[in-house]
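S.K.: Provided below for reference: sequence and predicted model.
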Amino acid sequence: MYVFFDYLCLWIYKGYKGGGDSSPEFLASGVVSFLQALNICAGIILFNMLTKKEVPGLSKLTAVILFSSLVVLNYIRYIWIAKFSLSEINSRWDSESDKYRANARFFQTGYVILSLVLFFGIVFHFADKKM
């Protein structure tokens with residue numbers, strides 16, 4: 001599973017690097033962290049909806065702490081650990097077959113779209129119920 005996020009981070013990094021951003025490594029790890037946090041929060045909310053049980057502690061503060069923790073962990077992984085540096089990940093990516101890379105891009109695009117749709121769909125569902 002880490003390989004999926006490694007290649008997703010590399011894909012996002014290349015996009016920011018091509019855009020001329022000053023710190024594309026940090027931005028890429030932040031976007032990956034944001035998507036991971038969205039999925040964890042969506043999973044908790046979905047669990048609450050389906051079981052009609054409340055998981056204590058899911059608040060804005062919890063979401064911010066979760067996101068911040070993921071940013072720190074991903075930043076350490078992609079910036080400080082040489083084995084997982086984006087240049088190493090790029091070398092591994094270049095050694096993959098064209099078919100593997102095409103499939104990976106397909107699933108990464110789907111992951112990003114589904115993450116956003118799932119999370120914001122749940123949020124809008126609750127917003128409509130409260131109005």
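M.R.: Perfect, thanks for sending it. Since the model is a prediction, treat every value here as computed from it, not as a measurement.

S.K.: Going along the chain, name the strands of the protein.
M.R.: Applying DSSP state E to the chain gives no strands.

S.K.: which helix is the longest one in it?
M.R.: Identified as the longest helix of the chain according to DSSP state H is helix 98-130.

S.K.: Just the buried positions in it, please.
M.R.: 104, 108, 112, 115, 118, 119, 122 (16 or more other C-beta atoms under 10 Å). Any C-beta I mention is one placed from the backbone N, CA and C, and that applies to glycine too.

S.K.: helices and strands around that helix, which ones?
M.R.: helix 2-18, helix 24-51 (3 or more C-beta pairs under 8 Å, 6 or more residues apart in numbering; DSSP states H and E).

S.K.: would CSV of those helices with distance to residue 100 be doable?
M.R.: Below are the helices and strands packed on helix 98-130 laid out as CSV (distance: least, C-beta to C-beta, whole Å):
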stretch, distance to residue 100
helix 2-18, 10
helix 24-51, 20
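
S.K.: can you redo these as TSV with mean pLDDT and distance to residue 95?
M.R.: Below are the helices and strands packed on helix 98-130 laid out as TSV (pLDDT from 0 to 100; distance: least, C-beta to C-beta, whole Å):
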stretch	mean pLDDT	distance to residue 95
helix 2-18	89	12
helix 24-51	86	20
